[in-house]
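In: requesting a structural model of the entry that follows:
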Amino acid sequence: MAESIQQEWLGTPVDTASKAFKEREEQYRELLDRMRERTEVIEQGGGPKRVEREHQRGKLTARERIARLLDAPADFSEMGRYAGYKMYEDEGGCPAGGTVMGLGKVSGRLCLIVANDATVKAGAWFPITAKKNLRAQELALENHVPIIYLVDSAGVFLPMQAEIFPDREHFGRIFRNNAILSSKGIPQIAAIMGSCVAGGAYLPIMSDEALIVDGTGSVFLAGPFLVKAAIGEQVDAETLGGAATHSEISGVTDYKMPDDATCLKTIRDLVSHFGQRQSAGFNRVEPLKPAFAPEEIYGLMPSAGTQPYDTREVLARIIDRDSWTEYKAGYGQSLLTGYARIDGWSAGIVANQRKVVRAKSGEMQVGGVIYSDSADKATRFIMNCNQKRVPLVFFQDVTGFMVGKRAEQGGIIKDGAKMVNAVANSTVPKFTVVMGNSYGAGNYAMCGRAYDPRLMLAWPTARIAVMGGTQAAKTLLQIQVRNLEKKGQTISDEERKELLHTIEQRYEDQTSPYYAAARLWIDEIIDPVETRRWISRGIEMADHNPDIPPFNPGVIQT
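Out: Predicted coordinates for the structure are as follows:
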């Protein structure tokens, strides 16, 4: 039995010429084309005219600055690219949340980079802008990765100030995080490359070192108009807070730079002087390519979340070949658990099996559903990974926990709670990839956003919701019809169908990966082929933090 399971794991050469493969591949490539089209629009920021205006001022755009800062621009792992997507259309939109953010190598050191996009409302901060910047600082704090800010912002977007200013996770939290990062010895470098106004002035000055570009950079608590209104003083922006003022008179900034190019070159030089820090020591060996071409995932993954597929075959095109050691292979088979290597890094894999499997009792288990035995197995495996300091990677395609009399009497709530407890208290780094469905409590048990994955990624086929679209739409329809009937209104079959269609469409929009990415419920939507690179970079990032507390799950019902 073990031999057949191992052979099944190794995968089989897929018939790429078969009709079924071709149909799935074509559908998936259409999803990727749509993703790339949207990405291209987002990366234009405020549009060509505003880009040209920045160039006329002698400034580079946010993306151009990052490209010059990095060792290899193509190696930039951008996150939050879809932040704000379709969220602020009445205000003219906020592409990428008005900020470009991600991981890349600077002078050989992995750094987090956050750059305001001045082509989007002059770099003004929308609510999602603050959330994205806070996410960057959270990553720096969790992983002890240096963070570089390229500041160019007109400050808070005033029409929405009530949604960005006073609360715990609003604008002021950023400066609090500046202080906490500094106290932990995590390097912060800020370059003032444009406007830096009001409360935003604290961000660069609370960093370890601040650079300012002469002629374009300025920083002050109140601009010339506000100064005139407040105290009647007439002063120009350069005298009030330009490079000469803060580099030669106030001493607020540390380096006066003649232009963007020199500023970025100086940041690279500063990073090159960083000393080496202790790492977590996660295990890595020479990487091996997967046993099969990653591009074959396109023909294996269905575009509809209700269709089954063999998750083993998908994973065989992600992990390093011959690196799989399966844990409890014959038990709890609706979840796959095992040790593997991803780009050489040791990782513990927890993945939903989407094909129908037969339990030891002879019962056929539905793919994508978590049963009691699967939850029990995953709990023990997660504990083992914490014991061995092995990072965890969750591959989600889950419709939830099993329901019904037999499941309830078998203790599904208890076993599900054990798994959720283990995920919540796990102290090794966790990473989550949403391949397909991510529904209900299954999202929680498989390390959804609420359970602090270091990175949460999604494929274009991802769907995130409290339940599947069909069930949700029918439930919502029943509620609306009942409410109408209470008001004495009758509804025809035709009206019922139209109402159901409206509900289904709205629910479909809200479960898409773009809806989730716009709100930063996930960090990025990625091409499945890029999964290896992203997980590898994530573990490399997490390896910067040597502090892994002991695993203590508290009280677990047995």
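In: make it CA atoms for all contacts and neighbour counts henceforth
Out: Will do.
In: check contacts around residue 480.
Out: With contact taken as Cα atoms under 8 Å, 6 or more residues apart in numbering, residue 480 is in contact with no other residue.
In: which helix or strand contains it?
Out: helix 469-486 (DSSP states H and E).
In: I'd like the next helix or strand past that helix.
Out: helix 493-511.
In: that next one to helix 469-486, inter-axis angle?
Out: Here the directions of helix 493-511 and helix 469-486 differ by 130 degrees (axes from the mean of the first three to the mean of the last three Cα atoms, to 10 degrees).
In: buried set for helix 493-511?
Out: Using 16 or more other Cα atoms under 10 Å as the test for burial, helix 493-511 gives 499, 500, 503, 504, 507, 508, 510, 511.
In: now pLDDT and distance to residue 382 too, for those, in JSON lines please.
Out: JSON lines is the format used below for the buried residues of helix 493-511 (pLDDT from 0 to 100; distance: Cα to Cα, whole Å):
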{"residue": "499", "pLDDT": "75", "distance to residue 382": "44"}
{"residue": "500", "pLDDT": "75", "distance to residue 382": "41"}
{"residue": "503", "pLDDT": "75", "distance to residue 382": "38"}
{"residue": "504", "pLDDT": "73", "distance to residue 382": "37"}
{"residue": "507", "pLDDT": "73", "distance to residue 382": "33"}
{"residue": "508", "pLDDT": "78", "distance to residue 382": "33"}
{"residue": "510", "pLDDT": "86", "distance to residue 382": "31"}
{"residue": "511", "pLDDT": "89", "distance to residue 382": "28"}
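In: now render those residues as TSV, adding distance to residue 544.
Out: Shown next, in TSV, are the buried residues of helix 493-511 (distance: Cα to Cα, whole Å):
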residue	distance to residue 544
499	52
500	50
503	46
504	45
507	40
508	39
510	36
511	34
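In: show me which of these is closest to residue 314.
Out: residue 511 (22.9 Å; Cα to Cα).
In: so how far is residue 152 from that closest one?
Out: 34 Å (Cα to Cα, to the nearest Å).
In: swap in residue 30?
Out: From residue 30 over to residue 152 (counting by Cα to Cα), the distance is 36 Å.
In: between the two, which is the more surrounded one?
Out: residue 152 (29 against 13; other Cα atoms under 10 Å).
In: once you drop chain neighbours, what's closest to the more buried one?
Out: The spatially closest residue to residue 152, leaving aside those adjacent along the chain, is residue 194, at 4.2 Å (Cα to Cα, 6 or more residues apart in numbering).
In: show me what contacts that neighbour?
Out: 151, 152, 153, 213, 216, 217, 218.
In: need the longest helix for the protein.
Out: helix 19-42 (DSSP state H).
In: residues in contact with that one?
Out: 15-16, 81-82, 95-96, 296, 298-303, 460-461, 527.
In: buried residues, that helix. List them.
Out: Those buried within helix 19-42 under the rule 16+ other Cα under 10 Å are 21, 22, 24, 25, 27, 28, 31, 32, 35, 42.
In: thinking residue 376 is in contact with residue 417, fair?
Out: No: using Cα atoms under 8 Å, residue 376 makes no contact with residue 417, being 9.7 Å away.
In: low-confidence ranges in the stretch 251-400 of the chain?
Out: For the stretch 251-400 of the chain, residues meeting the criterion pLDDT under 70 lie at 359-362.
In: tell me which stretches of it form strands.
Out: Ranges of strands in the stretch 251-400 of the chain, per DSSP state E, counting those that start in this stretch, are 255-257, 325-326, 335-342, 345-352, 357-358, 364-365, 369-370, 392-398, 400-401.
In: of all the buried residues of helix 493-511, which two lie farthest apart?
Out: Between any two of the buried residues of helix 493-511 (Cα to Cα), the greatest distance is 18.4 Å, for 499 and 511.
In: got the contact list for residue 177?
Out: Residue 177 touches residue 137, counting by Cα under 8 Å, 6+ apart.
In: how near is it to residue 134?
Out: 8 Å.
In: then residue 462?
Out: 25 Å.
In: got it, and residue 69?
Out: Using Cα to Cα, residue 69 is found at 22 Å from residue 134.
In: and for residue 167?
Out: Per Cα to Cα, residue 167 is found 13 Å from residue 134.
In: and the two? Which one has more around it.
Out: residue 134 (19 against 11).
In: name the nearest residue to the more buried one, sequence neighbours excluded.
Out: residue 174 is the one closest to residue 134 (Cα to Cα, 6+ apart), at 6.2 Å.
In: what's the answer for residue 400, then?
Out: That would be residue 442: by Cα to Cα, 6+ apart, it lies 4.2 Å from residue 400.
In: show me the contacts for that neighbour.
Out: So residue 442 contacts 370, 398, 399, 400, 401 (Cα under 8 Å, 6+ apart).
In: ok so it is a strand residue?
Out: No: with DSSP: H, G, I helix; E, B strand; the rest coil as the criterion, residue 442 is located in helix rather than a strand.
In: how close does it get to residue 398?
Out: 6 Å.
In: shared neighbours, the two?
Out: residue 370.
In: list the contacts of residue 255.
Out: By Cα under 8 Å, 6+ apart, the residues touching residue 255 are 210, 211, 212, 247.
In: over to residue 237?
Out: Contacts of residue 237 (Cα under 8 Å, 6+ apart): 218, 223, 224.
In: looking at these, which one is closest to residue 551?
Out: Proximity of those to residue 551 (Cα to Cα) peaks at residue 218, which lies at 47.5 Å.
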